[in-house]
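S.K.: missing the sequence, but the structure's below:
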């Protein structure tokens, strides 16, 4: 069930946003956090109501030890999707 919920969250409804999210995921796996952050900044700018964009950006900030920025993005995630168990 959790996997189905996560797949639903990662589907933004926009092919462009989904592509940016995929590129960010690849950059994160390669530990290219600045690159991932660039993609995710575009995601939250283009689609500010897409909770998973904020959540993923929070994860990158956390991985970069930017805890205050991570918490800010988690707050935004939870305002958009209060049931987001990952946040």
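M.R.: Thanks, I have the structure now. Just so we're clear, the structure is a prediction, and the values are computed from it rather than from any experiment.
S.K.: Give me the most central residue, the protein.
M.R.: The structure's the chain has its C-alpha centroid closest to residue 56; by Cα atoms, centre = their mean the separation is 2.2 Å.
S.K.: Pretty sure residue 42 sits against residue 20.
M.R.: Yes. When contacts are counted by Cβ atoms under 8 Å, residue 42 is listed as touching residue 20 (5.5 Å). Quick note: C-beta positions are derived from backbone N, CA and C, even for glycine.
S.K.: out of those two, which sits in the more crowded spot?
M.R.: Relative neighbour count places residue 20 above the other of residue 42 and residue 20, with 23 against 16, counting by other Cβ atoms under 10 Å.
S.K.: What helix or strand is that one located in?
M.R.: Counting by DSSP states H and E, the element that carries residue 20 is helix 15-29.
S.K.: helices or strands next to that helix in the packing?
M.R.: Using 3 or more Cβ pairs under 8 Å, 6 or more residues apart in numbering; DSSP states H and E as the contact definition, the elements that helix 15-29 packs against are helix 33-46, helix 51-63.
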